[in-house]
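>>> Sequence first, then the predicted structure, then my questions.
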Amino acid sequence: MNNNKKYSRETHLIYGKAFTTKWDYNHHVVPPISSSTTFRLDSVERGALGFSEFEHISEISDSEPPIYIYDRLGEPNKEILEENLAAAESGETAVTFSSGMSAISGVLGILTKSGDEIVAHKTLYGCTFSLLNNWYPRYNIKTIKVDLTNPENLRKVVTDKTRVVYFETPANPNLEIIDIETIVKIVAEFNKSRDESNQIKIVVDNTFATPFCQRPIEWGVDFVVHSLTKNIGGFGTDMGGVVIGKLKYRDMLMLYRKDFGGVLSSKSAWPIMVYGLPSLAVRMQREIDNAKKVAEFLAQHPKVQFVNYPGLPSFRFYETAKKQMRDFHGNFAPGNMIYFALKGETAEEGREKGREMMNYIAKNAYTLTLAVSLGHVRTLIEHPGSMTHSMIPAEEQIKEGIDPAGIRMSIGLENGDDIIKDLEDALNHI
Ligand SMILES: Cc1ncc(COP(=O)(O)O)c(C=O)c1O
């Protein structure tokens, strides 16, 4: 029924395991939506068995249907989605969460304790940055930020207390690319002399790339996290997150989710499972085709200072992107995110131009939507310098690694020529 080698990965995104023990719905073509916070138990003994199995889920045979007890512990829609997400990322297991942030705090929650240290790339999604900077110090967990675009920098900051190396590649928002293979090699050197409890684990936020463009577990990283709110969900209707990794961590992740409570609603798991994941490959391919055209257009425009797009040969990290961003068939798959900046005499002027362009787009563009988030059927555009970080003076933004003129685009499914039309019009008006 489920011959992994015989069928392509795009096909597996649609059919999943073909047969699942998570729920007996054999006569439905689409898994029915499950909406039950609690489950009837035939006897107290079955309840007791269910609780004891939950503590050791990773040891329970997958050939028997699970004993469901309560939604926060597990229920069918989430668990079918988890099987399919694990397969998409080449992981052994997946545990879903209520949002990307909830998944990130879940994996870091099981890997760290008071006194431990995390090494993170200097450029991170804002809320991940805030989690590490504002909250973890309260639990005596320190984060050392370093430029991992040069992986050798890792050697300078790892200490006996390091437990996690964390990064996004491509990074949000500037699309810096981290060489996964080299980071894995360096961490393995440190781990050689460490026992299991002191091993350094690598966690990669693969949200920007999606499993269609990059599968870090195949390069040897321990965990992948995603915001399912983005391209995996794909339609901008539901929030979600996932941690994917080795089966032996499933128990801890499930217990963490049970106690911290960041559980994915079954009503959100369902559209991600039924619409999002099955259409991921076809959406990504179209978005990549569009993004290439848009990046090339921007790169030759006289008002544009630079364009960061993993598929542009002029991009600083093009070679690393080409090595690790590959679709299921090994073709270069540089994703749908673009970061570019407008020319300005000063940093402040660059920011002002960005602000003007955003306001023009908000009023006049049909195919560009001024909005945060990414991985949507519509092209979304935003300008961190005059939006999320508007209170910080331009010179200060540079110190924090934010280009005041930097504009982030998430390319959608429109006709690519229409996106270019709207961009050209906006650039003509600033
Ligand atoms: C790279 C990255 N990781 C994680 C998140 C957090 O995801 P969520 O909004 O689903 O919590 C985001 C959100 O924008 C993101 O861009």
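On my side now, so go ahead.
>>> Tell me the confidence at His226?
With respect to pLDDT, His226 has a value of 98.
>>> can you pull the contacts of it?
Residues near His226 by C-beta atoms under 8 Å, 6 or more residues apart in numbering: 85, 100, 103, 205-207, 210, 232, 241-242, 244. All C-beta spots, glycine's among them, are computed from the backbone N, C-alpha and C.
>>> any idea what sits nearest Met337, other than its immediate chain neighbours?
Phe208 (5.3 Å; C-beta to C-beta, 6 or more residues apart in numbering).
>>> Any stretches of the chain with poor pLDDT?
For the chain, the stretches with pLDDT under 70 are 1-4, 400-401.
>>> What residues does it have near the ligand?
99-101, 125, 127, 168, 172, 205, 207-208, 227, 229, 239, 241 (C-beta under 6 Å from any ligand atom).
>>> Check which helices and strands the host helix or strand of Lys185 is in contact with.
In the assignment (DSSP states H and E), Lys185 maps to helix 180-191. Under the contact criterion of 3 or more C-beta pairs under 8 Å, 6 or more residues apart in numbering; DSSP states H and E, helix 180-191 touches helix 153-157, strand 162-168, strand 201-205, helix 318-324.
>>> Now tabulate these in CSV and tack on mean neighbour count.
As requested, the helices and strands packed on helix 180-191 are exported to CSV (neighbours: other C-beta atoms under 10 Å):
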stretch, mean neighbour count
helix 153-157, 14
strand 162-168, 24
strand 201-205, 25
helix 318-324, 18
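>>> ok, back up a step: in helices, which of the contacts of His226 appear?
Among the contacts of His226, the members falling in helices (DSSP state H) are 85, 100, 103, 210.
>>> Please enumerate the strands of the stretch 101-250 of the chain.
For the stretch 101-250 of the chain, the strands defined by DSSP state E, counting those that start in this stretch occupy 117-121, 142-146, 162-168, 201-205, 223-227, 241-245.
>>> correction: the stretch 301-430 of the chain
Counting by DSSP E, counting those that start in this stretch, the stretch 301-430 of the chain has these strands, from start to end: 304-308, 337-342, 368-370, 379-382, 406-410.
>>> contact partners of the fourth one?
The reference is to strand 379-382. Outside strand 379-382, the residues that touch it by C-beta under 8 Å, 6+ apart are 290, 358, 361, 367-374, 388, 407-412, 414, 419.
>>> returning to what we had before: identify, from the residues of the chain next to the ligand, the entry nearest to Ile338.
Nearest to Ile338 among the residues of the chain next to the ligand: Phe208, at 11.0 Å, using C-beta to C-beta.
>>> got the angle for the helix holding Lys185 vs strand 117-121?
Calculated by axes from the mean of the first three to the mean of the last three C-alpha atoms, to 10 degrees, helix 180-191 forms an angle of 160 degrees with strand 117-121.
>>> buried set for helix 180-191?
The neighbour-count criterion (16 or more other C-beta atoms under 10 Å) identifies 180, 182-184, 186-187, 190 as the buried residues of helix 180-191.
>>> Kind regards, and thank you for your time.
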